[in-house]
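S.K.: this one's structure only:
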């Protein structure tokens, strides 16, 4: 009986030992498998590049997998992490941001992002892109985006002399909103007047050449567009002042201008070349130059305090 008990205990010991070996093997196998699986993750690959887990998490939150793969092709760069914090960061421009920052180290990253996004890291007119006419009021025309010489907008309407000095025209849907804007301003005892609006290619060419001849090319480029690069050719622009302040030089200090700054977006109009943004727009500030882009776009720009060039680059061109 005693020998039988010993034999049963021995058998139980072997069974228990076998179970423990199997359990340990399973645990080790699972750990090995989990480790193998983890090494296949994006987080592990980023950590291997030198990023912390926290940094890897941030990168994964901000970027898509194919975008992260492009980062994995590069050496770790702390500038990438800083760029990812910028609201208008575009992954397609990453390499250009980095290269431009090397040359312009004193600039803030938000300005570097804005400059690169809007192509303003190139010399003005050096890079020519064709305007997408199908975008209508959202089309971009600047020192890079150009209109064809024969482009003429459809449905141009002559602006009434009640609102305009001389003959001026706007696209019908922009004109409709301009009248609404004009009436709203009149309720505040502000009488807006249009000085200039639609110009065709040849008219703009003559204006630019006159400025160039009288003031030199550098000054001309600050205040006038090359033919084909003028927003006036779109039929979406009004240059306007007021009866009280008819001269553009005095318009910025007027109540009319202050009112437009606060309310023009409600009718779809934007100040196209605002103060402090010449490094993006390429033009000296023009308090009198207002462009129709639609209420939705104008409101977003107003709320985010960005130029149309910045809006177009981030939300349309992408």
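M.R.: Arrived safely, thanks for sending. Predicted model, so just to flag it, every value in this text is computed and none were measured.

S.K.: what about stretch 261-276, average pLDDT?
M.R.: For stretch 261-276, mean pLDDT rounds to 98.

S.K.: buried sites along the host helix or strand of residue 260?
M.R.: Using DSSP states H and E, the element containing residue 260 is helix 255-263. Residues of helix 255-263 classed as buried by neighbour count (16 or more other C-beta atoms under 10 Å): 256, 257, 259, 260, 263. For every residue, glycine as well, the C-beta is placed using N, CA and C.

S.K.: what residues does that helix touch?
M.R.: Applying C-beta atoms under 8 Å, 6 or more residues apart in numbering, the set of residues contacting helix 255-263 from outside is 181, 184-185, 188, 190, 192, 241-242, 244-245, 251, 269, 271, 287, 290.

S.K.: also stretch 84-95?
M.R.: 58-59, 62-63, 67, 70-71, 80, 83, 97, 109-110, 113-114, 116-117, 306, 310, 313-314, 318.

S.K.: filter the contacts of helix 255-263 down to the buried ones, PyMOL style.
M.R.: Buried members of those, defined by 16+ other C-beta under 10 Å, are picked up in PyMOL with:
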select buried, resi 181+184+185+190+192+241+242+245+251+269+271+287+290
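
S.K.: closest to residue 41 out of the contacts of helix 255-263?
M.R.: residue 271 (48.3 Å; C-beta to C-beta).

S.K.: about what we covered before: just the contacts of helix 255-263: which are in strands?
M.R.: Per DSSP state E, strands hold the following members of the contacts of helix 255-263: 192, 241, 242, 269, 271, 287, 290.

S.K.: look up which residues are beta-bridged to the third one.
M.R.: Looking back up the chat, that one is residue 242. residue 192 (DSSP bridges).

S.K.: what residues are bridge-paired with residue 291?
M.R.: Going by DSSP bridges, residue 291 forms beta bridges with residue 237, residue 270.

S.K.: just the pLDDT for it.
M.R.: Listed pLDDT for residue 291 reads 98.

S.K.: that one contacts residue 269, correct?
M.R.: Yes. Using C-beta atoms under 8 Å, residue 291 is in contact with residue 269, at 6.7 Å.

S.K.: still on that earlier bit, JSON lines for the ones in strands among the contacts of helix 255-263, including distance to residue 168?
M.R.: Below are the ones in strands among the contacts of helix 255-263 laid out as JSON lines (distance: C-beta to C-beta, whole Å):
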{"residue": "192", "distance to residue 168": "12"}
{"residue": "241", "distance to residue 168": "13"}
{"residue": "242", "distance to residue 168": "15"}
{"residue": "269", "distance to residue 168": "15"}
{"residue": "271", "distance to residue 168": "19"}
{"residue": "287", "distance to residue 168": "18"}
{"residue": "290", "distance to residue 168": "13"}
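
S.K.: great, nothing more from me.
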